[in-house]
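S.K.: quick one, structure for this:
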Amino acid sequence: MLVRPPQIVAFGGGGFSMEWGNTLLDDHVLALTGAERPRVCFLPTASGDADHYVVRFYRAFSASRCEPSHISLFRRETGVGDPRAHLLAQDVVYVGGGSLVSLLGTWRAHGFDVLLREAWRAGVVLCGGSAGSLCWFAQAVSAFHEGPPTRIEALGLLPWSNAVHYGDESGRRGAFRDAVADGFPPGFGAGDGAALHFVGTELAEVVSSRPGAGAVYVGRDAAGVVEERELPVRYLGDPAPVVLAA
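M.R.: Residues are numbered from 1 along each chain as shown. Below is the predicted model:
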């Protein structure tokens, strides 16, 4: 494994589970490793280790482009002999979407909150979408279950707050702004197709798999009023062709 700084790529929504056939975000994460054939471990915990989700992962991350694996915490066999050694040997840990509450409870019960922090510090690139994005932050707004969005204390690798599917699903933007107004740490709302790339604990850039996908910084001004600032986004696809006038 190459020596890398701590990195997290938090998708607002996207990757193989949401954008089948559009590999831009997933390819970008693999490229960040600098490895010719990266080792990629999938954690489908938030879905209860759903079989169909694991199958989709292996189809998207075939052995022709990487060394894929997964760890199950809802089966008798985890799939690996030593989870700590396995995670630390990876180039990427990719966390799937689903229930953030179930994910955090399961990880903490199995000690994965500690293991993932160790892997992050060791240079393993952490990434994921939806719950797989929210989990890395200090505070998050989740709307997986029925009812109003819920404010959740997450792992805190990143000292910010986070909301996903921002502007794409009803109620998420308002709930996040309300949370920041009520004392949530400032943070980031990322829409579907946008991904926040952190190096250490600072945002390095926002990338996207779709033209027009966006992300915002949400904080409070000196008077305590919530302010929202649109962030520059780098589209990962080919630029639109330039049509010259005849």
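
S.K.: need the strands for this protein, in chain order.
M.R.: All strands of the chain, identified by DSSP state E, fall at 7-11, 39-43, 67-70, 92-95, 125-129, 137-142, 150-153, 158-163, 187-190, 194-199, 202-208, 215-220, 226-230, 234-235.

S.K.: same list (those strands) but as CSV, adding distance to Ala119.
M.R.: In this view, the C-beta of every residue, glycine as well, is placed from N, C-alpha and C. Compiled in CSV, these are given as follows (distance: least, C-beta to C-beta, whole Å):
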stretch, distance to Ala119
strand 7-11, 11
strand 39-43, 9
strand 67-70, 14
strand 92-95, 6
strand 125-129, 7
strand 137-142, 17
strand 150-153, 21
strand 158-163, 15
strand 187-190, 22
strand 194-199, 15
strand 202-208, 19
strand 215-220, 25
strand 226-230, 31
strand 234-235, 26
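
S.K.: and those: which comes nearest Asn22?
M.R.: strand 202-208 (10.7 Å; C-beta to C-beta).

S.K.: pLDDT (mean, whole number) over the closest one?
M.R.: Strand 202-208 carries an average pLDDT of 98.

S.K.: what's it in contact with?
M.R.: 24-25, 28, 188, 190, 193-198, 214-215, 231-236 (C-beta atoms under 8 Å, 6 or more residues apart in numbering).

S.K.: mind putting the strands of the chain into JSON lines with mean neighbour count and distance to Arg173?
M.R.: Formatted as JSON lines, those follow (neighbours: other C-beta atoms under 10 Å; distance: least, C-beta to C-beta, whole Å):
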{"stretch": "strand 7-11", "mean neighbour count": "27", "distance to Arg173": "17"}
{"stretch": "strand 39-43", "mean neighbour count": "24", "distance to Arg173": "28"}
{"stretch": "strand 67-70", "mean neighbour count": "18", "distance to Arg173": "33"}
{"stretch": "strand 92-95", "mean neighbour count": "26", "distance to Arg173": "23"}
{"stretch": "strand 125-129", "mean neighbour count": "27", "distance to Arg173": "17"}
{"stretch": "strand 137-142", "mean neighbour count": "25", "distance to Arg173": "10"}
{"stretch": "strand 150-153", "mean neighbour count": "15", "distance to Arg173": "14"}
{"stretch": "strand 158-163", "mean neighbour count": "25", "distance to Arg173": "7"}
{"stretch": "strand 187-190", "mean neighbour count": "28", "distance to Arg173": "6"}
{"stretch": "strand 194-199", "mean neighbour count": "24", "distance to Arg173": "14"}
{"stretch": "strand 202-208", "mean neighbour count": "18", "distance to Arg173": "17"}
{"stretch": "strand 215-220", "mean neighbour count": "20", "distance to Arg173": "9"}
{"stretch": "strand 226-230", "mean neighbour count": "12", "distance to Arg173": "9"}
{"stretch": "strand 234-235", "mean neighbour count": "14", "distance to Arg173": "22"}
